[in-house]
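[1] return a 3D structure for these sequence lines:
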Amino acid sequence: MVSLRPYQETAADFLFEHDRAMILAPVGAGKTAITLTAMWEMIRDGHVKRWLVLAPKRVCTDVWPVERLKWADRISMALCVGTPKQRLDALKSNAQVVVTNYDNLQWLAEQKLNFDGVVFDELTRLKNPSGTRFKAFLKVVDPMTTRWGLTGSFTSNGLEDVFGQCKIVDQSLLGRSKGAFMQQYFVLINKEFGEWAPRVGSLQKVMDVIKPATFVLEAGEYKDKLPPLHTVELACTMDMTPYNTMKKDFVLEGITAVNAAVVTGKLQQLASGFVYDTTTTPSESPGKFVSSQRPIWYSMHKFERLEELLNENQHANTIIAYTYQEELAELKRRFNVTTLDDADAIKRWNEGKIRLLAVHPKSAGHGLNLQHGGCHMVFLSLPWSLELYEQTIGRLHRSGQQHPVWCYVMLTSKTVDEKIWAALHDKRAISDIAMEELK
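    Numbering: from 1, shown residues only. Here you go, the predicted model:
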């Protein structure tokens, strides 16, 4: 088996010494390797008999089984994914570790479970304590006395996200009530829309409270092990007439907090050169209607610039991140692209056999190891979530990458693209401060 690096050994020791703990480590730092090592030590010494691992689906199928062979091949593992029968077979097996995805949480809560340890891989998936899956699992988590949470994006979208993540790991950290947490660390700035803002100094206070249960990987300890990451903004231009007309229409209609997401989504579509036109038609059932969307294209400016970029880079193997299905459809019309749903896509990419791999940040944003197949990535359009943005880049810029990574961000000038890009930078500041406070 491979050996852990010194900083990974320290992190594994921290987990072993804490029944309730969180590992906050940047993308590519080896959180799975760290955790598997500590899990095996807990089994070996009799502290935990059986582990449950919760992770995004692709991470369940493409990361944990592969990493187990590298770091803890003495552990037996079963994948609890697929049909109900396949999932039940995994639960009833004698495997020391059962790995399943977050989508199965409600189903899992209805089964007879026999786990005394649980790992939450990509802990931010449980940031919403009001969610149905969260509530369902909270009812059955008590026997799991050892609970470890792993994340690289603890506060990517704001301090408010911290509460749910801490609650599922250890309710003694920030309490049981989110209302009480909000009253203590936030101030209500807009009662009508339920908008809150952190009180002055709240970030540091929260981080001080959870620090004893949290291991933060010092960035300097691992960044020098990674090749450079070059982020390049690619400014694109288009005929602004349709965009400005739509923007003017939205202003006249009045933009509120309720419809702001819809408005920005439409503007982002148009910044990519098209917009979905929604039509509603009567269905076969009386009194019911069916909605359908068809794209209306105004400009191909991003795809033309993408083609130039691919030629400039001498057709190097490249990951293309998209937001909308119509963007993917256009990619398929213009290029020979592969998606993660295609057979053995991850394996073939890492073998260097795929030139263009199209990914959606929600599918490729967590845990996947894609660093062996190339070092170029292009964002056709950006996700609003800093977590998804950083995690998507982290598929290439992670341990094992042998070359400098080039990330190209396509921004249509004078559009909402630039606002989204600025917003991601603003959120990054919150995340960086949080990490500093925990050191």
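
[2] can you pull out the strands in the stretch 1-150 of the chain?
    Using DSSP state E, counting those that start in this stretch, the strands of the stretch 1-150 of the chain run over 20-24, 51-55, 77-80, 97-101, 117-121, 146-151.

[3] give the pairing partners of the fifth one; include direction for each.
    Think strand 117-121. strand 51-55 (parallel), strand 146-151 (parallel) (DSSP bridges).

[4] with the shortest one instead?
    Sheet pairing of strand 77-80 (DSSP bridges) gives strand 97-101 (parallel).

[5] what residues does the partner strand touch?
    Outside strand 97-101, the residues within contact range by Cβ atoms under 8 Å, 6 or more residues apart in numbering are 39, 50-57, 59-60, 64-65, 68, 75-81, 87, 90-91, 108, 115. The way it works is simple: take the backbone N, C-alpha and C, and place the C-beta from them, glycine included.

[6] let's see that with 7 Å instead.
    39, 51-57, 60, 64, 75, 77-81, 90-91, 108 (Cβ atoms under 7 Å, 6 or more residues apart in numbering).

[7] can you dump the C-alpha atoms of it in CSV for me?
    C-alpha atoms of strand 97-101 as CSV (Å, rounded to 0.1, in the frame of the first residue of the first chain):
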residue,chain,number,x,y,z
VAL,A,97,-17.6,-0.6,5.6
VAL,A,98,-20.9,0.1,3.7
VAL,A,99,-20.8,3.0,1.3
THR,A,100,-24.0,4.7,0.1
ASN,A,101,-25.1,8.0,-1.4
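
[8] gap between it and the chain center?
    18 Å (Cα atoms, centre = their mean, to the nearest Å).

[9] after the helix or strand of the chain with the lowest mean pLDDT, which helix or strand is next?
    When each helix and strand of the chain is scored by mean pLDDT, DSSP states H and E, helix 219-223 comes last, with a mean of 57. Downstream of helix 219-223, the next assigned helix or strand under DSSP states H and E is strand 229-236.

[10] packing partners for that following strand?
    Using 3 or more Cβ pairs under 7 Å, 6 or more residues apart in numbering; DSSP states H and E as the contact definition, the elements that strand 229-236 packs against are helix 301-312, strand 405-412.

[11] and those, which one is worst for confidence?
    The stretch with the lowest mean pLDDT among these is helix 301-312, at a mean of 91.

[12] just the residues contacting it, thanks.
    Outside helix 301-312, the residues within contact range by Cβ under 7 Å, 6+ apart are 234, 236-238, 272-273, 318, 330, 334, 378, 380, 408, 410, 412.

[13] farthest residue from the center of this structure?
    residue 286 (41.5 Å; Cα atoms, centre = their mean).

[14] look up how far residue 292 lies from that residue.
    To residue 292, residue 286 is 19 Å away according to Cβ to Cβ, to the nearest Å.

[15] over to residue 169?
    Distance from residue 169 to residue 292, by Cβ to Cβ: 43 Å.

[16] ok, residue 102 next?
    Remark: distance between residue 102 and residue 292 (Cβ to Cβ) = 30 Å.

[17] higher neighbour count, these two?
    residue 102 (22 against 10; other Cβ atoms under 10 Å).

[18] how many neighbours does the nearest residue to the more buried one once chain neighbours are set aside have?
    Among residues not flanking residue 102 along the chain, residue 125 sits closest, at 4.9 Å (Cβ to Cβ, 6 or more residues apart in numbering). When neighbours are counted by other Cβ under 10 Å, residue 125 registers 23.
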